[in-house]
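In: How does the following fold in three dimensions:
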Amino acid sequence: MLKNITLSAEEGLIEKARDKARRERTTLNATFRQWLHQYVSRGTKTVDFDSFMDSLSYARPGKKFSRDELNER
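Out: Numbers count the residues shown, from 1 in each chain. Sure, this is the predicted structure:
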C-alpha cells in the first residue's frame, strides 16, 4: 500500500529534479521511491557481510603458502 507524505524543498530544485526525471522517462515520485528503498537498505549489506564472516569463524588457517604455491595453476 502506498502512503502519501509531504516534503519541502526549494522550488527551483524541485523543477530541476522533475526535468531530470522526465529526461530519464520516469517520475519524481518513482525516483523518490527508488531513493527511499536504497536509503533504508544502506548498511544492511555490511551487516549481511559481517554475519557471513562470523559464520566462517570456525575456519582457521593452518598453513602458510609459499609464493610458488600461491602462483601454481
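In: CA atoms for contacts and neighbours, from now on please.
Out: Fine.
In: and the most centrally placed residue in the chain, what pLDDT?
Out: The centroid of the chain falls nearest to Arg42 when counting by C-alpha atoms, centre = their mean (5.1 Å). At Arg42, the model reports a pLDDT of 76.
In: buried ones in stretch 27-46?
Out: Neighbour-count burial for stretch 27-46, with 16 or more other C-alpha atoms under 10 Å as criterion, is recorded at Thr27, Leu28.
In: Quick one: name whatever helix or strand follows the helix or strand bottoming out on mean pLDDT in the chain.
Out: Ranking every helix and strand in the chain by mean pLDDT, DSSP states H and E puts helix 44-55 at the bottom, with a mean of 77. For helix 44-55, the following helix or strand on the C-terminal side (DSSP states H and E) is helix 67-71.
In: in that next one, what's buried?
Out: Residues of helix 67-71 include none that count as buried (16+ other C-alpha under 10 Å).
In: Return the distance of that helix from the chain's centre.
Out: 36 Å (C-alpha atoms, centre = their mean, to the nearest Å).
In: quick one: average pLDDT of it?
Out: Averaged across helix 67-71, the pLDDT comes to 87.
In: Quick one: list the elements packing against that helix.
Out: Applying 3 or more C-alpha pairs under 8 Å, 6 or more residues apart in numbering; DSSP states H and E, we find helix 67-71 packed against no helix or strand.
In: which residues sit against it?
Out: Around helix 67-71, nothing counts as a contact under C-alpha atoms under 8 Å, 6 or more residues apart in numbering.
In: And the contacts of the helix or strand where Leu13 lies?
Out: Taking DSSP H and E as the criterion, Leu13 maps to helix 11-23. When contacts are defined by C-alpha under 8 Å, 6+ apart, helix 11-23 is touched by residues Thr27, Leu28, Thr31.
In: Since that was my last question, I'll sign off now.
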